[in-house]
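J.: Mind looking at a prediction? Sequence and model below.
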Amino acid sequence: MSVHDVREAITRAHREEWARVVASLTKRFGDLDIAEEAAAEAFAVAVERWPADGVPPGPGAWLTTTANRKAIDRIRRESKRDDKHKEAQLMYGDDPPDPLGVIDDERLRLIFTCCHPALAMETRVALTLRMVGGLTVAEIARAFLVQETAMGQRITRAKGKIKAARIPYRVPSAEDLPARVSGVLAVLFLVFNEGYLATGPDTDPVRHELTSEAIRLTRLIRALLPDDGEVAGLLALMLLTEARRTARVSASGELVTLDEQDRGAWDTALIAEGHRLVRERLASGVAPGRYQLLAAINAVHTSARDVRDTDWSQVVALYDQLVRLEPSPIIVLNRAVAVSELDGPEVALAAVDRLEDQLAGYHAFHATRAELLRRLGRSQQARAAYDTAIELAGNTAETAYLTRRRGQLG
């Protein structure tokens, strides 16, 4: 949306705030272009949220704070992009890359190039997230549930292996894409997740620039590999998740969970496209992969007009397939949440407690335990679990939600 379009979309009552916000940002950052674009993004968010959530008590302060965050995010992205290009040149030497080949988009081409099959999957994903995805080492570490120092060492070792083994920096041909696509999808999935619910406290809780870029690149891969079921599955998963974005954070900056969201605010066009992709994959008769199953789970959720209409038995059955395919502790944790709706919180809590050794440092583990304990009336234990979840959570909207839930224990 252009600056002009955003200005026209703002209600007359708040037009005077435009000049104040732009002046404030120009003074702080010394760049009128950044100030105007950040202000435009802030007003776009206001136009999107305020009709549904109501105008905040201090609209001027809200707009200025939001615009400041947008400006900082843009400056960081530009800085990271320059750093990553310099880093790539240093790591791969001065040899010019091969011709563009089958991939026209510069960023997607670089992601495919970095996801070299000579590296272990986790290593190539982490390295690509750092060099191309724009994520910090801390954000990547949180995505992999490891310590930041360990992730930094892993990335450093990956760079060393590339240099020592003289792995060529070569633009992949069409024949190379199938061997690299799983790593590329993992990168885009993690970039999308960081945008969907940011893990750090220094950014917006929801980073639309990351989710929209991940969707854009996944659409390009879909055009390159139209018969790949996991590409279609990831695109469907992203669309069905993105459809709920505007309903996920309240005007006060608190996370709104799925059961409390205004489903009338969901993007019906994105939901329809996501459902169509899920149906196409089911009709193919091919056994679904990880992203297809996650998309199918989201399709069940977005098909229900009310949370009470959710087909939890189908959700659990899909999670059962997913656990057999990929028995990761996070998937088992998410399955337990669905089980709690079907079989009750006591059964679910027993399954969650078995994950403590694997997920003790993961805030969502403690948040899930807190909710289950609250439902069981075990308030003291629930409070302790909320305390730990709040301590580990980095997202400001999630912290606000958990704090409110803890306060409701009485």
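T.: Nice, thanks for sending it over. Note that this is a predicted model, so its numbers are computed, not measured.
J.: Give me the below-cutoff pLDDT ranges for the stretch 101-250 of the chain.
T.: 101-102, 104, 131-134, 165-171, 202 (pLDDT under 70).
J.: Just the helices from it, written as ranges.
T.: Taking DSSP state H, counting those that start in this stretch as the criterion, the stretch 101-250 of the chain carries its helices at 106-114, 121-131, 137-144, 148-165, 177-196, 208-224, 229-242.
J.: out of these, deepest packed?
T.: Comparing the helices of the stretch 101-250 of the chain by mean neighbour count (mean count of other CB atoms under 10 Å), helix 229-242 ranks first with a mean of 25. C-betas here are computed from N, CA, C, even on glycine.
J.: circling back: could the helices of the stretch 101-250 of the chain go into TSV alongside distance to residue 300?
T.: Output for those, formatted as TSV (distance: least, CB to CB, whole Å):
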stretch	distance to residue 300
helix 106-114	30
helix 121-131	28
helix 137-144	25
helix 148-165	34
helix 177-196	18
helix 208-224	21
helix 229-242	10
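J.: do you know which of those helices lies nearest residue 360?
T.: Nearest to residue 360 among those is helix 137-144 (14.4 Å), distances taken as CB to CB.
J.: Which strands or helices does that closest one pack on?
T.: Helices and strands touching helix 137-144, by 3 or more CB pairs under 8 Å, 6 or more residues apart in numbering; DSSP states H and E, are helix 121-131, helix 148-165, helix 177-196.
J.: How far away from the center of its chain is the longest one?
T.: In other words, helix 177-196. Taking CA atoms, centre = their mean, to the nearest Å, one finds helix 177-196 lying 11 Å from the centre of the chain it belongs to.
J.: so what secondary structure elements neighbour that helix?
T.: Judged by 3+ CB pairs under 8 Å, 6+ apart, helix 177-196 is in contact with helix 106-114, helix 121-131, helix 137-144, helix 208-224, helix 229-242.
J.: Just send the ones you listed back as CSV, with distance to residue 329 too.
T.: Output for the helices and strands packed on helix 177-196, formatted as CSV (distance: least, CB to CB, whole Å):
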stretch, distance to residue 329
helix 106-114, 27
helix 121-131, 15
helix 137-144, 13
helix 208-224, 24
helix 229-242, 20
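J.: if we can go back for a sec, for residue 41, find the nearest of the helices of the stretch 101-250 of the chain.
T.: Minimum separation from residue 41 across those (CB to CB) falls at helix 208-224, 8.5 Å.
J.: which helices and strands sit right next to the closest one?
T.: Where contact means 3+ CB pairs under 8 Å, 6+ apart, helix 208-224 is packed against helix 106-114, helix 177-196, helix 229-242.
J.: one more time with 6 Å
T.: On a contact count with 3 or more CB pairs under 6 Å, 6 or more residues apart in numbering; DSSP states H and E, helix 208-224 meets helix 177-196, helix 229-242.
J.: What is the neighbour count of residue 396?
T.: 19 (other CB atoms under 10 Å).
J.: And for the one 10 residues further on?
T.: When neighbours are defined as other CB under 10 Å, residue 406 has 19 of them.
J.: Quick check, pLDDT for it.
T.: pLDDT recorded at residue 406 is 95.
J.: Would you verify that it is located in a helix?
T.: Yes: Residue 406 forms part of a helix when assessed by DSSP: H, G, I helix; E, B strand; the rest coil.
J.: Quick check: it touching residue 388?
T.: No: proximity of residue 406 to residue 388 does not meet the contact threshold set by CB atoms under 6 Å, at 10.8 Å.
J.: Brilliant, that's me finished.
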